[in-house]
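1. sequence-free structure coming up:
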């Protein structure tokens, strides 16, 4: 269970893309990037870097797991957890295939073996 309220989960399921705020930590600049997000059957919120380990937002969340999603004019604080276990990787794969089926080229990039290890689960973060 993700810990997000039902409205937030519904908004995340409906959103084609969301803005993700990350920073390398205290005193470092905050960056925003557009990401795909899926909510799996277990109500977990999953994201993945299409650039693999080269993705700045991914690297920043590894160093400083606190970030935020900007969703429907609200800011949702999140904490990222590495989710490279087979269950969550496959849940993310399935969610991406379902939600982004019409984005074939980009979807194929998100399913390459090199990027699977960059799957993260987002949970509610500190306010």
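-> Everything's here; your move. Just so we're clear, the structure is a prediction, and the values are computed from it rather than from any experiment.
2. bridged to the residue nearest in space to the middle of the chain, which residues?
-> The structure's the chain has its C-alpha centroid closest to residue 47; by Cα atoms, centre = their mean the separation is 2.4 Å. Here residue 47 sits in beta bridges with residue 120, going by DSSP bridges.
3. roughly how far does it sit from residue 64?
-> 15 Å (Cβ to Cβ, to the nearest Å). No exception for glycine: its C-beta is placed from N, CA and C like everyone else's.
4. for residue 113, the count of nearby residues, please.
-> By the criterion of other Cβ atoms under 10 Å, residue 113 has 7 neighbours.
5. any idea how many residues pack against residue 90?
-> Counted with other Cβ under 10 Å, residue 90 comes out at 13.
6. same question, the one 4 residues further on
-> When neighbours are defined as other Cβ under 10 Å, residue 94 has 14 of them.
7. I figured it was touching residue 44, is that so?
-> No. Residue 94 lies out of contact with residue 44 (Cβ atoms under 8 Å); the separation is 11.7 Å.
8. could you give me the average pLDDT of the longest helix belonging to the chain?
-> In the chain, taking DSSP state H as the definition, the longest helix is helix 86-99. Taken as a whole, helix 86-99 has an average pLDDT of 97.
9. that helix packs against which elements?
-> strand 38-39, strand 45-47, helix 104-110 (3 or more Cβ pairs under 8 Å, 6 or more residues apart in numbering; DSSP states H and E).
10. pLDDT weak spots in this protein?
-> For the chain, the stretches flagged by pLDDT under 70 are 1-2.
11. burial of residue 67, as a residue count?
-> 24.
12. dump the residue contacts of it.
-> 20-23, 57, 60-61, 77-80, 122, 125 (Cβ atoms under 8 Å, 6 or more residues apart in numbering).
13. what does residue 111 give?
-> Going by Cβ under 8 Å, 6+ apart, the list of residues near residue 111 reads 93, 96-97.
14. and these, which are buried?
-> Among the contacts of residue 111, those buried by neighbour count (16 or more other Cβ atoms under 10 Å) are 93, 96.
15. quickly name whichever of the contacts of residue 111 is closest to residue 51.
-> For the contacts of residue 111, the residue nearest residue 51 by Cβ to Cβ is residue 96; the value is 15.1 Å.
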